[in-house]
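**Q** got a sequence here, can you model it:
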Amino acid sequence: MGVAEVEGFLSTLAVEGKVAAGTQNQALSALLFLYKEVLSIELPWMETVVRAKRPQRVPVVLSREEVNRLLAMMDGRFGLMASLLYGSGMRLMECVRLRVKDVDFELNQICVRDGKGGKDRHVPLPRRLREALQTQLERVRLIHQQDLAAGLGAVWLPHALARKYPSAPREPGWQYVFPSDQLSRDPRDGEQRRHHLDEAGLQRAVRNARIRAGIVKPATCHTLRHSFATHLLEAGHDIRTIQELLGHKDVATTQIYTHVLNRGGHGVLSPLDR
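**A** Numbering: from 1, shown residues only. So this is what the prediction gives:
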């Protein structure tokens, strides 16, 4: 198939199949990979493709009462992680990849390293979670000591830091706050390491808690981040501050949460109620 056939296929997905924009983009990426990496054929940019429209949707947000019900159905590490997502506004993987050295109890803040766009930022460390986090870090310390005694204890470091600082992978500060229960062999270099918890476990735990709490909204881990931003706006915090906490590049991205400030259906008195 040539460019015309590929363009026709992708356009058909949008026009006749009425697929979501993400589905069409996934098909496009797969075809580009096939042609470039497998067939060694460079496809010119396909200008005539009819692109599926990406709908503008407001985020799913839980009320404070719904958040409390959801978190009440969770315990252990997953309960702590879900509470952190809501209490700090971190993304799922930012929480999963959190390192011990980036939790600052003195300043009551967490440093999020290499977030979306490769940016670092600081988010609040909820005072209510201090004790639970300290207990978790003590557990991490014991696990790390056991791994060191077994001749292991090294973690993966990003950006070739392991070569620059050879001893850093075994230092306590670089260990994951939420380490996996199992050791695994790193496919990148064959070394046996203790990686972080699988994010799928937290996603399943949040879903199960939502069902048990009787919450009908399609809430996910990311919903807790949306709720964090929305509740801060409701509390009167300015949008620029929330932009910084969320790590948004543009304030326009953060403005989606302004639906709580007497915009849309929230805060508007219906004619039937006048």
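
**Q** helices along the stretch 51-200 of the chain, start to end?
**A** 64-72, 76-88, 92-96, 130-149, 161-164, 199-212 (DSSP state H, counting those that start in this stretch).

**Q** tabulate those helices (TSV), appending mean pLDDT.
**A** Below are these laid out as TSV (pLDDT from 0 to 100):
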stretch	mean pLDDT
helix 64-72	96
helix 76-88	96
helix 92-96	96
helix 130-149	96
helix 161-164	86
helix 199-212	97
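
**Q** export those helices to TSV and tack on mean neighbour count and distance to Asp114?
**A** (C-beta placed from N, C-alpha, C; glycine too.) What follows is the helices of the stretch 51-200 of the chain, written out as TSV (neighbours: other CB atoms under 10 Å; distance: least, CB to CB, whole Å):
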stretch	mean neighbour count	distance to Asp114
helix 64-72	17	27
helix 76-88	21	16
helix 92-96	20	9
helix 130-149	14	20
helix 161-164	12	11
helix 199-212	16	16
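
**Q** quick one: closest of the ones you listed to Phe228.
**A** Closest to Phe228 of those, according to CB to CB: helix 76-88, at 5.5 Å.

**Q** against Glu131, how distant is the residue nearest to Glu199 when sequence neighbours are not counted?
**A** Among residues not flanking Glu199 along the chain, Val96 sits closest, at 4.8 Å (CB to CB, 6 or more residues apart in numbering). Counting by CB to CB, to the nearest Å, the separation of Val96 from Glu131 is 21 Å.

**Q** in stretch 2-11, what counts as buried?
**A** 6-7, 10-11 (16 or more other CB atoms under 10 Å).

**Q** and that stretch, how far from the chain's centre?
**A** Its chain's C-alpha centre and that of stretch 2-11 lie 34 Å apart, by CA atoms, centre = their mean, to the nearest Å.

**Q** next: stretch 195-215.
**A** With CA atoms, centre = their mean, you get 13 Å for stretch 195-215.

**Q** please list the residues outside that stretch that contact it.
**A** Outside stretch 195-215, the residues within contact range by CB atoms under 8 Å, 6 or more residues apart in numbering are 62, 66, 69-74, 77-79, 81-82, 92-93, 95-97, 155-156, 176, 178-180, 184, 186, 217, 219-221, 224.

**Q** touching, Glu244 and Val123? I think so.
**A** No - applying CB atoms under 8 Å as the test, Glu244 and Val123 come out as separate, 9.2 Å apart.

**Q** just the pLDDT at Leu28, thanks.
**A** Note on Leu28: pLDDT of 84.

**Q** element containing it, please.
**A** Following DSSP states H and E, one finds Leu28 within helix 21-33.

**Q** who's in contact with the spatially closest residue to His196 that is not a sequence neighbour?
**A** Excluding the flanking residues, the one nearest His196 by CB to CB, 6+ apart is Tyr176, at 4.2 Å. For Tyr176, the contact set (CB under 8 Å, 6+ apart) comprises 97-100, 140, 155, 194-197.

**Q** what residues are bridge-paired with Tyr176?
**A** In this entry, Tyr176 is beta-bridged to Arg99, by DSSP bridges.

**Q** what about it, distance to Leu233?
**A** In terms of CB to CB, Tyr176 sits 32 Å off from Leu233.

**Q** check Gly201 too.
**A** From Gly201 to Leu233 the distance is 31 Å (CB to CB).

**Q** could you do Leu161 as well?
**A** With CB to CB as the criterion, Leu161 and Leu233 are 37 Å apart.

**Q** with Gly22 instead?
**A** Taking CB to CB, one finds Gly22 at 27 Å from Leu233.

**Q** more neighbours, those two?
**A** Leu233 (19 against 10; other CB atoms under 10 Å).

**Q** the more buried one and Ile242 touch, don't they?
**A** Yes - counting by CB under 8 Å, Leu233 does reach Ile242; the two are 6.5 Å apart.
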